[in-house]
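Trainee: Model the following, please.
(chains A and B)
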Amino acid sequence: SQQGEEDPQALSIQEGENATMNCSYKTSINNLQWYRQNSGRGLVHLILIRSNEREKHSGRLRVTLDTSKKSSSLLITASRAADTASYFCATETSGSRLTFGEGTQLTVNP
Amino acid sequence: GAVVSQHPSWVICKSGTSVKIECRSLDFQATTMFWYRQFPKQSLMLMATSNEGSKATYEQGVEKDKFLINHASLTLSTLTVTSAHPEDSSFYICSAPKQGNQPQHFGDGTRLSIL
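Mentor: Below is the predicted model of the structure:
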């Protein structure tokens, strides 16, 4: 079963604006990962944050993790039309099992 | 370059056909691989964990006789959808962890369309 919930389900913004997506989960985790998926394509790994980390940056991406609230956020700054995609969080538990959130469909309008 | 290769990328076949999908780790050995299914506009649902040299572990609600998994070597897992029907049409994706607490490597997925 899916333990991750993401919001918003859909987000539409203008190029240059920031996009924030949130993810909540229910159980203890080893790490939380964010992935991107273009329509009909495979997954692209964006960033992994371990359970003992609180914040991580990679280029225009910033991820936070609050294990006390069992939540994470992905911030994309200065968005581009090419950032249009679905974004999924996934929590890793024992045995390397990943459980995916419902995903956020991001549309960046030029 | 890709570290997990999935083949085929696209299959169209008639109802009742069995379809085999391969997932290969290219530059590492994977004792465990995972198979996911994704319906349109939905998230990835874990179907089963493929274990090298032993039986696969299926998630609740996934029919093991319908979705046969074989992990005969450290670099290859196969998923066979037996007697496929239109409701089995979906996007199937495999993944393999290279190392614990590290990003997993995903195949590019297989789009299965059953007519």
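
Trainee: Show the pLDDT at residue A:71.
Mentor: If you check residue A:71, the pLDDT there is 96.

Trainee: Run through the bridge partners of it.
Mentor: Beta-bridge partners for residue A:71, by DSSP bridges, are residue A:24, residue A:66.

Trainee: which residues touch it?
Mentor: Contacts for residue A:71 (Cβ atoms under 8 Å, 6 or more residues apart in numbering or on different chains) come out as A:22, A:23, A:24, A:25, A:65. Glycine gets a C-beta too; all of them are placed from N, C-alpha and C.

Trainee: for residue A:17, same thing?
Mentor: Contact analysis of residue A:17 by Cβ under 8 Å, 6+ apart lists A:79, A:108.

Trainee: so is it in a helix, a strand, or just coil?
Mentor: coil (DSSP: H, G, I helix; E, B strand; the rest coil).

Trainee: what's the burial count for residue B:8?
Mentor: Residues near residue B:8, counting by other Cβ atoms under 10 Å in any protein chain shown, number 12.

Trainee: residues contacting it?
Mentor: B:21, B:110.

Trainee: in the worst-scoring helix or strand of chain A on mean pLDDT, what counts as buried?
Mentor: Least confident helix or strand, chain A: strand A:5-7 with a mean of 82, by mean pLDDT, DSSP states H and E. Buried residues in strand A:5-7, counted by 16 or more other Cβ atoms under 10 Å in any protein chain shown: residue A:6.

Trainee: Could you pull up the residues touching residue B:69?
Mentor: Taking Cβ under 8 Å, 6+ apart, we find residue B:69 in contact with B:35, B:48, B:50, B:56, B:77, B:78, B:79, B:80.

Trainee: Could you confirm whether the helix or strand harbouring the second one reaches chain A?
Mentor: Looking back up the chat, that one is residue B:48. Here residue B:48 sits within strand B:44-51, counting by DSSP states H and E. Yes: remark: strand B:44-51 sits within contact range of chain A at B:44, B:45, B:46, B:49, by Cβ under 8 Å from any Cβ of the partner chain.

Trainee: ok, residues contacting the following helix or strand past that strand?
Mentor: Under the assignment DSSP H and E, the closest C-terminal helix or strand after strand B:44-51 is strand B:57-58. For strand B:57-58, the external contacting residues (Cβ under 8 Å, 6+ apart) are B:47, B:48, B:49, B:51, B:64, B:67.

Trainee: Kindly recompute the last result at 10 Å.
Mentor: Identification of contacts with strand B:57-58 by Cβ atoms under 10 Å, 6 or more residues apart in numbering or on different chains yields A:95, A:97, B:32, B:34-35, B:46-51, B:64-67, B:69.

Trainee: about what we covered before: out of the contacts of residue B:69, which one sits closest to chain A?
Mentor: Nearest to chain A among the contacts of residue B:69: residue B:48, at 10.8 Å, using Cβ to the nearest Cβ.

Trainee: ok, now which ones touch that closest one?
Mentor: Neighbour list for residue B:48: B:33-37, B:55-59, B:62, B:64, B:67-69, B:77, B:79 [criterion: Cβ under 10 Å, 6+ apart].

Trainee: let's go with 7 Å and repeat that
Mentor: Residue B:48 makes contacts with B:35, B:56, B:57, B:58, B:59, B:62, B:67, B:69, as judged by Cβ atoms under 7 Å, 6 or more residues apart in numbering or on different chains.

Trainee: in the sheet, who's paired with it?
Mentor: Counting by DSSP bridges, residue B:48 is bridged to residue B:35, residue B:58.
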